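Enquirer: Generate coordinates for the sequence data below:
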Amino acid sequence: MAAATALADADGLAAVSMRAVAAKLGTGAGSLYRYLSSRDDLLDLMADAAIGALAPFPAAPDPIDALVLLAREQLGLFKRHPWLLEAAQRNRGLGPNALAYFEHCLGVLAPVRCPTQAKFEAVAMITGVVSLFARPQPEGLSFAADLAGYRHLVAAMAEASSGAPAPPQDAPDLFERALRSLLNGLLR
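Expert: Numbering: from 1, shown residues only. Below you'll find the model as predicted:
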């Protein structure tokens with residue numbers, strides 16, 4: 001997993017092949033097939049190994065606070081390993097580290113009085129929000145259309161760029177605000 005992760009960190013998930021991993025290990029690709037049946041298995045194991053870096057999971061007395069802390073850790077993990085975005089979308093199964101993550105989240109949510117389905121949705125939405133914020137942000141926006149017919153959009157953009165007062169320093173950032181709003185909405 002370390003060799004495959006190093007390849008993915010350097011050149012993206014497309015660079016990870018059985019042959020490339022074997023070469024990095026100084027062996028033949030055939031020797032990897034003694035342990036793995038396919039590249040898909042390798043990618044699943046890589047993603048699960050990366051998730052293992054989240055342990056030990058952060059704790060907080062309030063369930064929402066605990067999940068926000070965990071989401072921040074997960075966001076950092078996704079930024080350190082950009083290939084995880086793609087791997088998470090294609091993952092075909094849950095390994096032991098992913099199961100431990102879900103177990104922890106459900107344990108945090110145990111005292112929350114809401115349907116189990118809402119708890120599963122909340123855990124899934126954490127990864128969704130993390131994935132959204134982990135994506136590389138474009139340098140600048142450009143529009144291929146005349147904006148004259150979009151008066152609300154133009155007014156909002158003008159207000160945002162006019163130097164409107166910044167939120168207070170203690171105000172949570174957009175990531176945290178979005179996550180807290182979502183979790184509070186789902187878990188009530």
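Enquirer: Residue ranges in the protein under the pLDDT threshold?
Expert: For the chain, the stretches with pLDDT under 70 are 91, 140-141, 143, 163-172.
Enquirer: Helices of that one, start to end?
Expert: 2-11, 18-25, 29-32, 39-51, 63-80, 83-90, 96-109, 116-134, 151-161, 174-186 (DSSP state H).
Enquirer: Please enumerate residues in contact with the last one?
Expert: Contacts made with helix 174-186 from outside it, assessed by C-beta atoms under 8 Å, 6 or more residues apart in numbering, are listed as 64, 67-68, 71-72, 75, 114, 118, 121-122, 125-126, 129, 133, 172. For every residue, glycine as well, the C-beta is placed using N, CA and C.
Enquirer: got it, and the fourth one?
Expert: For helix 39-51, the surrounding residues in contact (C-beta under 8 Å, 6+ apart) are 1, 4-5, 8, 13, 16-18, 21, 32, 36, 77, 81, 84, 87-88, 90-98, 101.
Enquirer: Convert the C-alpha atoms of it to PDB, please.
Expert: Provided in PDB are the C-alpha atoms of helix 39-51 (Å, rounded to 0.1, in the frame of the first residue of the first chain):
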ATOM      1  CA  ARG A  39      -5.900  -3.400  -9.700                       C
ATOM      2  CA  ASP A  40      -9.400  -2.600  -8.300                       C
ATOM      3  CA  ASP A  41      -8.500  -4.600  -5.200                       C
ATOM      4  CA  LEU A  42      -5.300  -2.600  -4.900                       C
ATOM      5  CA  LEU A  43      -7.100   0.700  -5.200                       C
ATOM      6  CA  ASP A  44      -9.700  -0.400  -2.600                       C
ATOM      7  CA  LEU A  45      -6.900  -1.400  -0.200                       C
ATOM      8  CA  MET A  46      -5.100   1.900  -0.800                       C
ATOM      9  CA  ALA A  47      -8.200   3.900   0.000                       C
ATOM     10  CA  ASP A  48      -8.900   1.900   3.200                       C
ATOM     11  CA  ALA A  49      -5.300   2.200   4.300                       C
ATOM     12  CA  ALA A  50      -5.500   6.000   3.800                       C
ATOM     13  CA  ILE A  51      -8.700   6.100   5.900                       C
END
